[in-house]
Structure formats: structure tokens, C-alpha cells
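S.K.: Got a predicted model here, sequence first, then my questions.
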Amino acid sequence: MSKTRIFAISMIVLMLIAFFSNPKQEQHEKIVREKAITLLKQQAGKQNEQVVDFGIQLFGNTLIDQFMQNHVKVENYYLFSVTKIRVGHQENTIGGGAFGTIWLSPKIDEKAAEIVKMIKEGL
């Protein structure tokens, strides 16, 4: 078999694996939700961590759900997917997913204050 044919078959197999292992939107949302809760706790500080936990139990799911619905967008490109966050009129890519794994960019930590502000505005 020629090298070209082996390469073509390998690429087709790789694309099929990428297609069937592309993370679903729910998986992206779960990762972003966990990160948003972590950012809320970090912004509150160690002293208020228990208060934040209690607040998340009471109101958090509603606030986080509103944040996810209004500001987080997942774009599926079949072989990979991209997670974006909208701040004002600007969209920033904060993560991506492929082969069953989702990676969040360090940009999300840089935008932590803005993300926490958007979640708190849901109050």
C-alpha cells in the first residue's frame, strides 16, 4: 500500500474518532459551571467561603443558570467544539473540546472579576 493511501486512511480514522468523541454541550456547561462556582468562592475569600456555599445552595443554581444562558455559548464544529463567553458586545473564547476532553483557557482567570460581576448582576 502506498504512503498516500495509508495517510488518507489514517486521517479518515482520526476524523471519525474526533467526531464521535467530541464533547457535548452539556459537558462544556458543566465545566464552565464548576469554574464559575470556583471563581465565586475565590472572589469571596476564605472568610466568606461558607457563606458563598450557603448562597450557592439557596440561589446559586438560578444565578449560574442565568449566567450560562445569557453569557456562555458553545459552538460545535463536529470534530471539535469551542466555548465562548460574551462580555458586553465582545465574545472571547475561553475553552475548547476535542477527543472527549475540555480545556479551559487561562483567560477565564483573567476575566474572573467580570464573570463574578455578571453572575452577581443576576441578583
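M.R.: Looks like it came in fine.

S.K.: Buried ones in stretch 26-45, by neighbour count?
M.R.: Neighbour counts over stretch 26-45 (16 or more other Cβ atoms under 10 Å) mark 27-29, 31-33, 35-37, 39-41, 43-44 as buried. For the C-beta atoms, the positions are set from N, CA and C on the backbone; glycine is no exception.

S.K.: can I get those residues in CSV with distance to V13?
M.R.: Shown next, in CSV, are the buried residues of stretch 26-45 (distance: Cβ to Cβ, whole Å):
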residue, distance to V13
Q27, 23
H28, 25
E29, 29
I31, 27
V32, 31
R33, 33
K35, 33
A36, 37
I37, 38
L39, 39
L40, 42
K41, 43
Q43, 45
A44, 48
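
S.K.: Just to be sure, which of those residues are found in strands?
M.R.: Judged by DSSP state E, strands contain none of the buried residues of stretch 26-45.

S.K.: Just give me the closest of those residues to L16.
M.R.: For the buried residues of stretch 26-45, the minimum distance to L16 (Cβ to Cβ) is 19.5 Å, reached by Q27.
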